[in-house]
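Undergrad: Model the structure of this input:
(chains A, B, C and D)
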2 protein chains.
Amino acid sequence: MAARSPADVDLGRLEGALGFLLRLAQLRTQARFFEENAEADFKPGEFTVLWVIWHNPGIRQSVLGQKLMIKRAHMTKLVRSLEDRGLVTRRIPEDDRRAVELTLSTGAETQMKRAETRFFAFEERIGAPLSKTEVEQLNVLLRKFLGLG
Amino acid sequence: MAARSPADVDLGRLEGALGFLLRLAQLRTQARFFEENAEADFKPGEFTVLWVIWHNPGIRQSVLGQKLMIKRAHMTKLVRSLEDRGLVTRRIPEDDRRAVELTLSTGAETQMKRAETRFFAFEERIGAPLSKTEVEQLNVLLRKFLGLG
DNA sequence: TATTGTTATACTCTATAACTATA
DNA sequence: TATAGTTATAGAGTATAACAATA
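TA: Below is the predicted model of the structure:
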């Protein structure tokens, strides 16, 4: 009855709960990232933000936040820290002086090219418990779940 | 070029990255949970911990932490808060006086029966963008990804 | 009035390291 | 020596509300 090892634990209905499985999958992925990429330039969140700015130069801070589900107040702090590290430049557009347009610095582009290799190599590795077809299925289902593509 | 709305944003290879999709899916699920369950007794993390204790009475604190990927130091604080609220009882077993065995209080069982209904109803709802078959596929793939069942 | 971004504050989750007690 | 749990501390992420500037 009283479980003495993780394998003995009975999760009951929880084991079929999508929210629970998503949380666990995300936690495990994040934990593995920090184990295997201790000396990486960027954390996953930073990489993602920089990546999207890189591929959408001049993107507005609010749009970036909406897309990546980052709240405005947190976005401010995040962008400030990237700016302080010389990775991102901010520009106030003439047509709407409330907004902020974000661009990658040239130094950041160089760093991102290196980080890209490492990051997507990791993405390949974490799919390992699944076959190539299964990874593709999982991708399709998650994108549909999220209303992307 | 410069994206003015989230729909315009180009995610490039990121859109096919498992870690990224998992993070977004988890974030969205969590955000929806708090929108729709503002008056719930328990947060998802608390519900999960209480659920596992409920279904594995006398489970050791360390085993629970391993299963749910909660670090020991955080586990201590979490269990303390549950104990302070009269939901969980701690017991030092005679055969290993370093360990702590966790059990649900009777009051907590009653609360959990109510919470169970709400929680799993939410779990049903979040699967909505997908068909029943797709939800089942997603469950299977995530469990395999996690090395469960 | 509504929107964009900022500031201030607080709470949760997580990470680390040093510690106690038990094995 | 190793393990289970605790304590203390720090950092990241997130939420809220109040605010300024602009639309």
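Undergrad: I'd like to know the phi and psi angles of residue A:60, please.
TA: Phi and psi for residue A:60, reported as degrees, to the nearest 10, are phi -80, psi 140.
Undergrad: For chain A, what lies in contact range of DNA strand D?
TA: For chain A, the residues in contact with DNA strand D (C-beta under 7 Å from any atom of the strand) are A:43, A:45-46, A:69-74, A:77-78, A:95-98. In this view, the C-beta of every residue, glycine as well, is placed from N, C-alpha and C.
Undergrad: Now narrow these to whatever sits close to DNA strand C.
TA: On the criterion C-beta under 7 Å from any atom of the strand, A:72, A:73, A:77, A:96, A:98 are the entries of those that sit beside DNA strand C.
Undergrad: Wait, a helix at residue A:113?
TA: Yes - looking at residue A:113 with DSSP: H, G, I helix; E, B strand; the rest coil, it is inside a helix.
Undergrad: Please report how far it lies from residue A:23.
TA: Per C-beta to C-beta, to the nearest Å, residue A:113 is found 32 Å from residue A:23.
Undergrad: And the host helix or strand of residue A:28, what does it pack against?
TA: Assigned by DSSP states H and E, residue A:28 belongs to helix A:18-36. Packing partners of helix A:18-36 (3 or more C-beta pairs under 8 Å, 6 or more residues apart in numbering or on different chains; DSSP states H and E): helix A:106-126, helix B:18-36, helix B:44-55, helix B:106-126, helix B:132-146.
Undergrad: Name the SS class of residue A:3, please.
TA: Under three-state DSSP, residue A:3 falls in the coil class.
Undergrad: same check, this time on residue A:90
TA: Under the three-state scheme (three-state DSSP), residue A:90 adopts strand.
Undergrad: Point out where chain A drops to low pLDDT.
TA: Applying pLDDT under 70 to chain A flags residues A:1.
Undergrad: DNA strand C contacts on that one?
TA: Going by C-beta under 7 Å from any atom of the strand, the residues of chain A near DNA strand C are A:27, A:30-31, A:34, A:60-62, A:65, A:72-73, A:75-77, A:79-80, A:90, A:96, A:98-100.
Undergrad: Out of the residues you listed, which sit inside strands?
TA: Members of the residues of chain A next to DNA strand C lying in strands (criterion: DSSP state E): A:60, A:90.
Undergrad: Any of the residues of chain A next to DNA strand C buried? List them.
TA: A:27, A:30, A:60, A:61, A:62, A:65, A:75, A:79, A:100 (16 or more other C-beta atoms under 10 Å in any protein chain shown).
Undergrad: Spell out which residues sit in contact with the first one, please.
TA: So the one you mean is residue A:27. The contact partners of residue A:27, taken as C-beta atoms under 8 Å, 6 or more residues apart in numbering or on different chains, are residue B:69.
Undergrad: Tell me how far it lies from residue A:71.
TA: Taking C-beta to C-beta, one finds residue A:27 at 21 Å from residue A:71.
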